[in-house]
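Q: With the sequence up front, the predicted model follows.
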2 protein chains.
Amino acid sequence: MKNNTFQEISAVLAGAHDVLLYPHIHMDGDALGSCAALCKALRAAGKRAYILLEEEIPLNLRFLDRGCCTTDADIFADVDISVCVDCGDESRFPGRKEAFRRGKTTICIDHHHTTSSFCDYNYVDAEAAATGELIYQLLLEMGTKPDAEIGEALFAAITTDTGNFQYSNTTKRTFEIAAALCDWGIDSNRVSVELYENVRPQRKRIEAKVLETLRLIGDGQGAICYMTQDMLAKTGALAEETEDVVEQMRSISGVEYAAFLKEQEDGSVRVSLRAKRRGNVAAIAEQFGGGGHIKAAGATLRMPIDEACALLEQALLASIQKLPPLQK
Amino acid sequence: MKNNTFQEISAVLAGAHDVLLYPHIHMDGDALGSCAALCKALRAAGKRAYILLEEEIPLNLRFLDRGCCTTDADIFADVDISVCVDCGDESRFPGRKEAFRRGKTTICIDHHHTTSSFCDYNYVDAEAAATGELIYQLLLEMGTKPDAEIGEALFAAITTDTGNFQYSNTTKRTFEIAAALCDWGIDSNRVSVELYENVRPQRKRIEAKVLETLRLIGDGQGAICYMTQDMLAKTGALAEETEDVVEQMRSISGVEYAAFLKEQEDGSVRVSLRAKRRGNVAAIAEQFGGGGHIKAAGATLRMPIDEACALLEQALLASIQKLPPLQK
């Protein structure tokens, strides 16, 4: 797969009037932050641009909207360019596929290693810690002027996808971009408070309920938790408010693999997987038709939650047996 | 107060043979990480150097030791230089004051704004996010060669004192140093795993149990949680493993006052109090014979936990009614 250059992508964008941006479904800080930064930069360059969504924005990401988001696929009569951001393929924007294809030109900017060139223009760099890093480079090529709001959207993208600069995907480039964004006038602490310190009480309640289900397996190297629709009903929480749980599971001493199973409204089970240092959860997710990164992946299982838990337990135990020895 | 230069401090260190380093008591990642980096750099420069401690190293900081730490104040017959690191005054190393003064020359390197020049050589910069930033600059002056272990100690210092680059003390310099340390061959994720992913499962279990007791009062402006000895017994957790809970309570949207009540072994109740922005919990603690700071205080009540909860609820409600209006 050969990437286009940011120069080529910038040139294509420069020739457009109306642009629609597509973050992936179950949007996270990187998907929406990257889109918000690019949307603002396109508007600053005189384009009409919107981020097209098919779902509500999670509470802690709403500060990124700033008038950029719409759910109206017909907001422009003609769309010159559709840009999907942080999306490995069209299944990542399932309710917006048709709209996406209506763009006269399509562009993909992503950092998932499973992404293939499915657009007219593609820039996929699995070495990037966040798609926000790639958008930053694109904006430099576009000549975007330093801007605090754009910088804060990029900071939100990068800080969330690197676990606040703690994950192994964090590189020198990540820190260099964060340093450069300081010159854009960003208030990184304000971003952080929006992202992390606006917790609904329902969130603490569902976290507590889910952590009560914590089970350690494989000599403490595997951790499994689950969430049911009943727990959501009893706590009044939203499913997205459990997103930190899998990270909390991984933080347990000795745990190498964490699996968090969430019963969906339609009865299917969404599995979030994490590896600490030596494991590969992309491989586990792929066994169940899912995918993702080596240290963070996911899959959807169509079976009752108790069966899914049993299945994941077996998969984790098998993976634990294959772990390379821990290096000191 | 006038600082010496890193050039001067480097020259003094260059003339020494035996150096003892002093992190503050109740050491944190910045204090021990900064000391470890300087200790290793001094040894690389041919000096004999140790970090002198008066307490056990916390579990999650033990990886920083690497043969640098001692509790033997007489490890050297003569100490050329005593260096205190991240310490505002001698009260920060109370059991090691005498040993410190035995150094023929004393040096202070710190970033607390309350620190005065109490040593022969001083470098205090309250703009630095971490003392680790200052040690980095000193090492450059000393000509320390890039080294992964030294770099990881500095990374540990900086990432802990900036709340993983999220606190408002984080600056462009912070990110620039982190970027530079990547060239030293650091494995920042390994550091992060040591620091943060060494949580006992019992801790997650007791946190879950305590958060299940969360009650919001006064229109969501007050939060109350409690812990019983029975909960500790059932989870196998230690009482100190609940120390983060009151901070989690304060992070809830709308909560101004948080009270966390812990039943002690003797049946008394220890109350931890927090205020977010407008409240004064020192005043509440004083009502019960306790004390502390405006935003963090505590008291001990000699009554059953359910009575203590009822009493605290009344005290919080009274304080909530007196709150000044929220400024946007």
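A: Sure thing, it's come through. Numbering: from 1, shown residues only, chains lettered A, B, ... in the order given.
Q: Give me every residue in the stretch 51-200 of chain A lying close to chain B.
A: A:159, A:163-168, A:170-172, A:175-176, A:178-179, A:182-183, A:187-189, A:192, A:196-200 (C-beta under 8 Å from any C-beta of the partner chain). Just so you know, the C-beta spots here come from the backbone N, C-alpha and C atoms, and that holds for glycine as well.
Q: Tell me the buried residues within these.
A: A:159, A:163-168, A:170-171, A:175-176, A:178-179, A:182, A:188-189, A:192, A:196, A:198-200 (16 or more other C-beta atoms under 10 Å in any protein chain shown).
Q: Just the ones in helices from the residues you listed, please.
A: Of those, the ones assigned to helices by DSSP state H are A:159, A:175-176, A:178-179, A:182, A:188-189, A:192, A:196.
Q: okay if I get those as JSON lines plus distance to A:G143 and pLDDT?
A: Shown next, in JSON lines, are these (distance: C-beta to C-beta, whole Å; pLDDT from 0 to 100):
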{"residue": "A:T159", "distance to A:G143": "25", "pLDDT": "98"}
{"residue": "A:F175", "distance to A:G143": "24", "pLDDT": "98"}
{"residue": "A:E176", "distance to A:G143": "19", "pLDDT": "98"}
{"residue": "A:A178", "distance to A:G143": "21", "pLDDT": "98"}
{"residue": "A:A179", "distance to A:G143": "20", "pLDDT": "98"}
{"residue": "A:C182", "distance to A:G143": "20", "pLDDT": "98"}
{"residue": "A:S188", "distance to A:G143": "24", "pLDDT": "92"}
{"residue": "A:N189", "distance to A:G143": "29", "pLDDT": "86"}
{"residue": "A:S192", "distance to A:G143": "29", "pLDDT": "89"}
{"residue": "A:Y196", "distance to A:G143": "33", "pLDDT": "84"}
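Q: what's the farthest-apart pair in those residues?
A: Based on C-beta to C-beta, the longest span within these runs between A:E176 and A:Y196 and measures 23.5 Å.
Q: Could you chop chain A up by domain?
A: The record, using automatic domain parsing to delimit domains, assigns chain A the ranges A:6-196, A:201-321.
Q: and these as a markdown table, adding distance to B:C68?
A: Below are these laid out as a markdown table (distance: least, C-beta to C-beta, whole Å):
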| stretch | distance to B:C68 |
| --- | --- |
| domain A:6-196 | 24 |
| domain A:201-321 | 23 |
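Q: out of these, which comes closest to B:K145?
A: The closest of these to B:K145 is domain A:6-196. By C-beta to C-beta, the value is 18.1 Å.
Q: from memory A:R278 sits against A:Y257, does it?
A: No: A:R278 is beyond contact range of A:Y257, at 9.5 Å (criterion: C-beta atoms under 8 Å).
Q: so for stretch A:208-221, what's the average pLDDT?
A: Mean pLDDT, stretch A:208-221: 97.
Q: Distance from that stretch to the middle of the chain?
A: Taking C-alpha atoms, centre = their mean, to the nearest Å, one finds the center of stretch A:208-221 at 25 Å from the center of the full chain.
Q: Is chain B within reach of it?
A: Yes: contact of stretch A:208-221 with chain B (C-beta under 8 Å from any C-beta) involves A:208-212, A:214, A:216, A:220.
Q: Then stretch A:271-286?
A: Yes: Stretch A:271-286 is in contact with chain B by C-beta under 8 Å from any C-beta, via A:276-277.
Q: got the buried residues for that stretch?
A: A:271-277, A:279-285.
Q: Stretch A:113-133 now?
A: Result for stretch A:113-133 [16+ other C-beta under 10 Å]: buried residues A:115, A:119, A:121-125, A:128-133.
Q: Could you do stretch A:150-163 as well?
A: So stretch A:150-163, judged by 16+ other C-beta under 10 Å, has buried residues A:150-163.
Q: wait, A:L312 sits on A:A259?
A: Yes: with contacts counted by C-beta under 8 Å, A:L312 reaches A:A259, the gap being 4.7 Å.
Q: which residues are common contacts for those two?
A: Common contacts of A:L312 and A:A259, defined by C-beta atoms under 8 Å, 6 or more residues apart in numbering or on different chains, comprise A:224, A:271.
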